[in-house]
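Participant: What would the 3D arrangement of this be:
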Amino acid sequence: MIVIWFLIKEGFKGLVRSKFAGAFTILIVWITLTILGLGYIIGRDTINAVNSLKAQFDINIFIRESASQEKIQDFADHLKSLEEVDDFNFISKEKAAQKFQKEFGKDIYSVLDYNPLPPSFNLQLKPIYRNLASVESITSDLSEFSVIDEIKYKKNFLIMLEKYQRIILYIITGAFLLLCFISIILISNTIKMAIFSRRKTISTLKLIGATNNFIRAPFIIEGVLQGFLGASLASGMIYGLAYLLNNHLQSVVQYTVNLYLPIFIVIVGFGSLMGLLGSIRAIRKFL
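Facilitator: Numbering: from 1, shown residues only. Sure thing, here's the model as predicted:
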């Protein structure tokens, strides 16, 4: 226990001795994880908004006028059996006429002498199948049924949503990898400088029989501390910005940030992990 406490104290002393280099590394980790945290929150909410739009996406299946009730019922039974289908409803000619009047404010029979609106099914898919590839596959299979006259869905709308969803994902992933790489390199370089500045002490420890792990431990602790402190500052800043936005800027920005404890735990844990990886990278080359 005494040895462990000694190594922890040495890790803290090393952080204090690193002065500008250590402070600069903590600053970079702080900025990096603040950007990553905010990027995650914005990306999460954007993707949720896209998924909400996708939830409004449906497929309209128009039935032939000549289709018998028996065949329509058989088709409805088939829809019930499909794994991809979340829900559907049948719109008869009469319901279609009522919908027309509700949307346009006119009775279809006052415009025409007859009701040209065909019966149809309005189909909603499960969230996992609300993508272009699944929709095209499903509609292709359904079009084989003889009762179907036409299938319509907002293809361009779906293409646009998927395009922007991919762009957001690529940007967030690219920024995440780049900023993490920079932070790990900076932590690693700070530990290298610490090792170099204490090279005489390290040589003395080796002469008196200190093991490599005993010598390495304070440097690993120092790296983890740099990551932990930077991540803690980032968590505080993200919380402060979210508080400011939610409580003082709602009239200007119509956006509410939802924060949960696991987000801060992940940020602090990830910052500590970056510090660990950076310090391990340094000591492998020098110790």
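Participant: Please tell me how far the most centrally placed residue in the chain sits from residue 257.
Facilitator: Central residue of the chain (CA atoms, centre = their mean): residue 44, 4.5 Å from the mean position. The gap separating residue 44 from residue 257 is 10 Å, by CB to CB, to the nearest Å. Glycine gets a C-beta too; all of them are placed from N, C-alpha and C.
Participant: ok, residue 29 touching residue 183?
Facilitator: Yes: counting by CB atoms under 8 Å, residue 29 does reach residue 183; the two are 5.2 Å apart.
Participant: who's more crowded, the two?
Facilitator: Neighbours per residue (other CB atoms under 10 Å) separate residue 29 from residue 183, with residue 29 holding more: 32 against 27.
Participant: which ones are touching the more buried one?
Facilitator: Shown here is residue 29, whose contacts under the criterion CB atoms under 8 Å, 6 or more residues apart in numbering are 183, 186-187, 226-227, 229-231, 234, 271, 274-275.
Participant: run the last query once more with 7 Å
Facilitator: Going by CB atoms under 7 Å, 6 or more residues apart in numbering, residue 29 touches 183, 226-227, 230-231, 271, 274.
Participant: out of everything not next to it in sequence, what's closest to it?
Facilitator: Nearest residue to residue 29 in three dimensions, chain neighbours excluded: residue 230, at 2.6 Å (CB to CB, 6 or more residues apart in numbering).
Participant: quick one: the one you found and residue 273 touch, right?
Facilitator: No: between residue 230 and residue 273 there is no contact under CB atoms under 7 Å: 11.9 Å.
Participant: now, which of the contacts of residue 29 lie within helices?
Facilitator: Applying DSSP state H to these, the entries found in helices are 183, 226-227, 230-231, 271, 274.
Participant: Just the buried residues of those.
Facilitator: 183, 226-227, 230-231, 271, 274 (16 or more other CB atoms under 10 Å).
Participant: want to throw these into TSV with distance to residue 74 and pLDDT?
Facilitator: Shown next, in TSV, are these (distance: CB to CB, whole Å; pLDDT from 0 to 100):
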residue	distance to residue 74	pLDDT
183	61	74
226	68	83
227	63	84
230	64	87
231	60	89
271	60	85
274	60	81
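Participant: In CSV: those residues, plus distance to residue 192.
Facilitator: Converted to CSV, those look like this (distance: CB to CB, whole Å):
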residue, distance to residue 192
183, 15
226, 13
227, 16
230, 18
231, 21
271, 20
274, 16
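Participant: can you confirm residue 123 is in a strand?
Facilitator: Yes: the assignment for residue 123, made by DSSP: H, G, I helix; E, B strand; the rest coil, places it in a strand.
Participant: Any idea how many residues pack against residue 121?
Facilitator: 22.
Participant: And it, how far from residue 149?
Facilitator: Here residue 121 is placed at a distance of 11 Å from residue 149 (CB to CB).
Participant: do residue 98 as well
Facilitator: From residue 98 to residue 149 the distance is 20 Å (CB to CB).
Participant: picking up where we left off before, between residue 29 and residue 183, which contacts overlap?
Facilitator: Counting by CB under 7 Å, 6+ apart, the shared contacts of residue 29 and residue 183 are residue 274.
Participant: which ones are touching the residue nearest to residue 29?
Facilitator: 26, 29-30, 33, 271.
Participant: how about those, which pair is most distant?
Facilitator: 26 and 33 (10.7 Å; CB to CB).
Participant: Kindly state the pLDDT recorded for residue 269?
Facilitator: pLDDT recorded at residue 269 is 90.
Participant: Tell me how far the residue lying closest to it once chain neighbours are set aside lies from residue 281.
Facilitator: Counting by CB to CB, 6+ apart, residue 231 is the residue found nearest to residue 269 once chain neighbours are left out, at 7.8 Å. Applying CB to CB, the value for residue 231 to residue 281 is 18 Å.
Participant: Ok, residue 56 next?
Facilitator: Using CB to CB, residue 56 is found at 48 Å from residue 281.
Participant: mind checking the SS state of the closest residue to residue 126 other than its chain neighbours?
Facilitator: Leaving out its chain neighbours, the residue that sits closest to residue 126 by CB to CB, 6+ apart is residue 86, at 4.5 Å. Taken by three-state DSSP, the conformation at residue 86 corresponds to strand.
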